[in-house]
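Trainee: what follows is a predicted protein model with its sequence.
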Amino acid sequence: MPRVQLPAVTPKHKAWNKGRIIGQKRPPLPKQVWAIRARLELASYPRDLALFNVAIDSKLRGCDLVKLTVTDLVRDDRVRERVSVTQSKTKKPVQFELTENTRDSILVWVKSPEMFACPFMFPSRFHDRPHISTRQYGRLVRDWVTSIGLEPSAYGTHSLRRTKAAEIYRKTGNLRAVQLLLGHTKVDSKVRYLGVELEDALSIAERIDI
């Protein structure tokens, strides 16, 4: 039976994922975190620096991060060392710590003129929005990773959520601690979620010279 050559069909619309890296977004490494932090400090972007630092320390989802209020983090002109926030997705509280570096950046930001009488930590510049949107937060993350030469499609807002948790797991192997810090209800698939299994395998491979 002769083989019929079908005509090529050109799609009318470009595939949404063409040229993009899809799947799990990787957490940035500590040296990459410090590179972004240094660039934000040199550029004198107090809001972005505070947002970046809080994102790393809090390990919150973007929808919860952008809704943080000043009173969530600051009391009596002092930034709290530990904070408890109720998650939008699970409706359960999760606690997180704020390191000294993060507390300093928060204090600088809340005392800036732009924050006068603002109830939200990261207010929107649009009058119809009380705080920045998750989409705007996503654009900022893309700008941050691009500024240090990383591929923006490989990182997202969830990358910052997983950054500290992934480092804790690398150093301790304690999944229960990671579960509590992220506010997850189940431990299963946690290693895959953190994106450290592949990184560990690659690190081992790099040390093997055949």
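Mentor: Yep, it's here. Quantities reported herein were computed from a predicted structural model and do not represent experimental measurements.
Trainee: from Cys118, how far out is the residue nearest the centre of the chain?
Mentor: The chain has Leu160 as the residue nearest its centroid, 2.2 Å off, counting by C-alpha atoms, centre = their mean. Going from Leu160 to Cys118 by C-beta to C-beta, to the nearest Å gives 22 Å. Every C-beta, even on glycine, is put in place using the N, C-alpha and C of the backbone.
Trainee: again with Val141
Mentor: For Val141, the distance to Cys118 - C-beta to C-beta - is 22 Å.
Trainee: one more: Glu97?
Mentor: Counting by C-beta to C-beta, the gap from Glu97 to Cys118 is 24 Å.
Trainee: for Ser84, give me its contacts.
Mentor: Counting by C-beta atoms under 8 Å, 6 or more residues apart in numbering, Ser84 makes contact with Pro93, Val94, Gln95.
Trainee: give me the three-state assignment for it.
Mentor: strand (DSSP: H, G, I helix; E, B strand; the rest coil).
Trainee: is Ile106 in contact with Phe52, as I believe?
Mentor: No - if you go by C-beta atoms under 8 Å, Ile106 and Phe52 don't touch, sitting 11.3 Å apart.
Trainee: name the residue in those two with the higher neighbour count.
Mentor: More crowded of Ile106 and Phe52, by other C-beta atoms under 10 Å: Ile106, with 25 against 22.
Trainee: residues contacting the more buried one?
Mentor: Ala50, Asn53, Val54, Leu73, Val74, Val79, Leu98, Met121.
Trainee: for the third one, give me its contacts.
Mentor: With contact set as C-beta under 8 Å, 6+ apart, Val54 has these partners: Leu65, Leu68, Leu73, Leu98, Thr102, Ile106, Met121.
Trainee: next one: the second one
Mentor: Shown in contact with Asn53 (C-beta under 8 Å, 6+ apart): Arg37, Thr99, Asn101, Thr102, Ser105, Ile106.
Trainee: need these in JSON lines (columns: secondary structure and pLDDT).
Mentor: Listed next are the contacts of Asn53 as JSON lines, based on DSSP: H, G, I helix; E, B strand; the rest coil; pLDDT from 0 to 100:
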{"residue": "Arg37", "secondary structure": "helix", "pLDDT": "96"}
{"residue": "Thr99", "secondary structure": "coil", "pLDDT": "91"}
{"residue": "Asn101", "secondary structure": "helix", "pLDDT": "94"}
{"residue": "Thr102", "secondary structure": "helix", "pLDDT": "94"}
{"residue": "Ser105", "secondary structure": "helix", "pLDDT": "96"}
{"residue": "Ile106", "secondary structure": "helix", "pLDDT": "97"}
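Trainee: in TSV, list the residues you listed along with distance to Val145.
Mentor: Shown next, in TSV, are those (distance: C-beta to C-beta, whole Å):
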residue	distance to Val145
Arg37	13
Thr99	21
Asn101	20
Thr102	19
Ser105	19
Ile106	22
